[in-house]
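Participant: attaching a predicted model along with its sequence, questions to come.
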Amino acid sequence: MIIRIGLILGIGVLLVSCNNIEPQQQNNREEAVRANTTQHEYAMVIHGGAGYMSPEKNAEEEQLALKATMDSLLLLGKELLVNNADAVDVVSHIITIMEDDPRFNAGRGAVFAENGKNELDASIMQGSDLNAGAVAGVSTVRHPILAAKEVMENSRHVFMSGAGAESFAKEQGLELVNNDYFFTQKKYDRLKMVQKEAAKTGFNEEPFPDSKYGTVGCVVLDKKGNIVAGTSTGGLTNKKYNRIGDSPVIGAGTYANNRTCGVSCTGVGEFFIRYAIAHEVSSQYMHTNRSIKQIADELIHGTLKEINADGGLIALDKFGNVAMPFNTTAMLRGYINEEEKIVALFRSEGKSKEN
């Protein structure tokens, strides 16, 4: 009798434990059935910025190299997620790799401010508890996304900037570098070109018609049902007055909520801030019956395009469904789940998922 009671109790405990392994994912599966959609086991979407690249002006070799980089990042993300990595670790790791790639406007490839320095911004947010971290205007932190992650996990704050953020990063043991670590000749030449043009026209900053945004972002849904979003950037070429865009602003350039979705934005940050675009995606998803794609498309092609605001975003809803809209000529982007993988640059690509 004692053995039978113990066995029953043991089985009960085991069942409770099993049910608690992935409670968010289990709830989402139930909702997915009711919504006649699929709960993906995991998913990841990344972007390398929206802008005005074109097949005619940008060499095929450059296009293929960028796509190959995105492809490798997606496969790495998938490997991590299959092995039960947490979304926050996947997002931060993927973005550190992009921050080390000088082709992107983030980390080592950041554009130059008017003062000839690289001023970097980043943010990260986890949907399980809405905790978030962000840094802005840092110039000696090798990986700004890791500084944002430290703010989220090891401080009671959300947003730090400048010298204070750098001091905090140092206290957390993050790698610091001289500002010239971020120097790339291509981005420096861009600064001089913009400044020369500004002297003639009075228009002090990008974008010009051929400008390319290289802000990077990543949104992940892990096997526990947790959503995390992160964004990292060097901002605008020739920016003045320690200007800060949307990338480190929670709710503007980055947002995540397990009940709705995760979002990372790229483009002219002032407009994304004014319209709180990242949070707006989440809010509309919560309060309407529209899909993540319908909502994101309307904001990018409607709300922002109507005011001539260039940019795009990537988003994952709680089921792992993706949106990757942009209103420029190109946005480097990629998506992966347990069944499919998409890498695209121009509007004519990736039709099965967007536009």
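Facilitator: Nice, thanks for sending it over. Please read all numbers here as calculations on a predicted model, not as lab measurements. Numbering: from 1, shown residues only.

Participant: which residues touch F182?
Facilitator: Counting by Cβ atoms under 8 Å, 6 or more residues apart in numbering, F182 touches 107-110, 118, 120, 139, 234. The way it works is simple: take the backbone N, C-alpha and C, and place the C-beta from them, glycine included.

Participant: ok, for it, nearest residue in space, not its chain neighbours?
Facilitator: Distances taken as Cβ to Cβ, 6 or more residues apart in numbering place N118 nearest to F182, at 3.9 Å, with adjacent residues excluded.

Participant: I'd assumed that neighbour was in a helix, is it?
Facilitator: No - N118 is assigned coil when assessed by DSSP: H, G, I helix; E, B strand; the rest coil, not a helix.

Participant: for it, what are its contacts?
Facilitator: Contacts for N118 (Cβ under 8 Å, 6+ apart) come out as 110-112, 139, 179, 182-183, 234.

Participant: out of these, list just those in helices.
Facilitator: Per DSSP state H, helices hold no members of these.

Participant: buried members of those residues into ChimeraX, please.
Facilitator: Only the buried entries of these go into this ChimeraX selection, using 16 or more other Cβ atoms under 10 Å:
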select :110,111,112,139,182,183,234
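
Participant: state the pair within the contacts of F182 that is farthest apart.
Facilitator: For the contacts of F182, with distances taken as Cβ to Cβ, the pair at the greatest spread is G109 and S139 (14.5 Å).

Participant: quick one, strands of the stretch 151-300 of the chain?
Facilitator: 159-161, 216-221, 227-233, 254-256, 261-267 (DSSP state E, counting those that start in this stretch).

Participant: with mean pLDDT and mean neighbour count added, can I get those strands in a markdown table?
Facilitator: A markdown table is the format used below for these (pLDDT from 0 to 100; neighbours: other Cβ atoms under 10 Å):
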| stretch | mean pLDDT | mean neighbour count |
| --- | --- | --- |
| strand 159-161 | 98 | 19 |
| strand 216-221 | 98 | 33 |
| strand 227-233 | 98 | 34 |
| strand 254-256 | 98 | 32 |
| strand 261-267 | 97 | 33 |
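
Participant: quick one on the thing from earlier: list just the nearest of the contacts of F182 to D129.
Facilitator: D129 lies nearest to L120 out of these, by Cβ to Cβ, at 26.1 Å.

Participant: what is the burial count for the closest residue to that closest one other than its chain neighbours?
Facilitator: Distances taken as Cβ to Cβ, 6+ apart put P144 closest to L120, at 4.5 Å, once the chain neighbours are dropped. For P144, the neighbour count with other Cβ atoms under 10 Å is 34.

Participant: now do Y181
Facilitator: As a burial measure, Y181 scores 14 neighbours (other Cβ under 10 Å).

Participant: just checking, it touches R142?
Facilitator: Yes - when contacts are counted by Cβ atoms under 8 Å, Y181 is listed as touching R142 (6.9 Å).

Participant: wait, A147 sits on A165?
Facilitator: Yes - taking Cβ under 8 Å as the definition, A147 is a contact partner of A165 at 6.2 Å.

Participant: identify the residues contacting the residue lying closest to Y188 once chain neighbours are set aside.
Facilitator: With sequence-adjacent residues excluded and distances taken as Cβ to Cβ, 6+ apart, Y188 is closest to F112, at 6.0 Å. Contacts for F112 (Cβ under 8 Å, 6+ apart) come out as 118, 187-188, 190-191, 234, 237-238.

Participant: against K187, how distant is F112?
Facilitator: According to Cβ to Cβ, to the nearest Å, F112 and K187 sit 6 Å apart.

Participant: go ahead and flag the most central residue of the chain.
Facilitator: For the chain, the residue nearest the mean C-alpha position is G217 (2.4 Å; Cα atoms, centre = their mean).

Participant: where's E31, which helix or strand?
Facilitator: Using DSSP states H and E, E31 sits in helix 23-34.

Participant: what is the mean pLDDT for that helix?
Facilitator: Summarised as a single mean, pLDDT over helix 23-34 is 75.

Participant: what's the very next helix or strand once past that helix packed up against?
Facilitator: Using DSSP H and E, the helix or strand that follows helix 23-34 in sequence is strand 43-51. The contact analysis (3 or more Cβ pairs under 8 Å, 6 or more residues apart in numbering; DSSP states H and E) places strand 43-51 against helix 60-82, helix 87-99, strand 216-221, strand 261-267, strand 311-317, strand 330-337.

Participant: pLDDT of strand 43-51, averaged?
Facilitator: The pLDDT scores in strand 43-51 average 96.

Participant: again, but for stretch 137-150
Facilitator: In this model, stretch 137-150 has a mean pLDDT of 98.

Participant: need the CA coordinates for it. CSV is fine.
Facilitator: Only the C-alpha atoms of stretch 137-150 are listed here, as CSV (Å, rounded to 0.1, in the frame of the first residue of the first chain):
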residue,chain,number,x,y,z
GLY,A,137,26.7,56.4,-27.1
VAL,A,138,29.4,54.0,-26.0
SER,A,139,32.7,54.2,-27.8
THR,A,140,35.0,51.7,-26.1
VAL,A,141,32.8,48.6,-25.6
ARG,A,142,33.7,46.0,-28.2
HIS,A,143,30.3,44.3,-28.1
PRO,A,144,27.5,46.8,-27.2
ILE,A,145,24.9,44.1,-27.2
LEU,A,146,26.7,42.3,-24.4
ALA,A,147,26.7,45.6,-22.4
ALA,A,148,23.0,45.9,-23.0
LYS,A,149,22.6,42.3,-21.8
GLU,A,150,24.6,43.1,-18.6
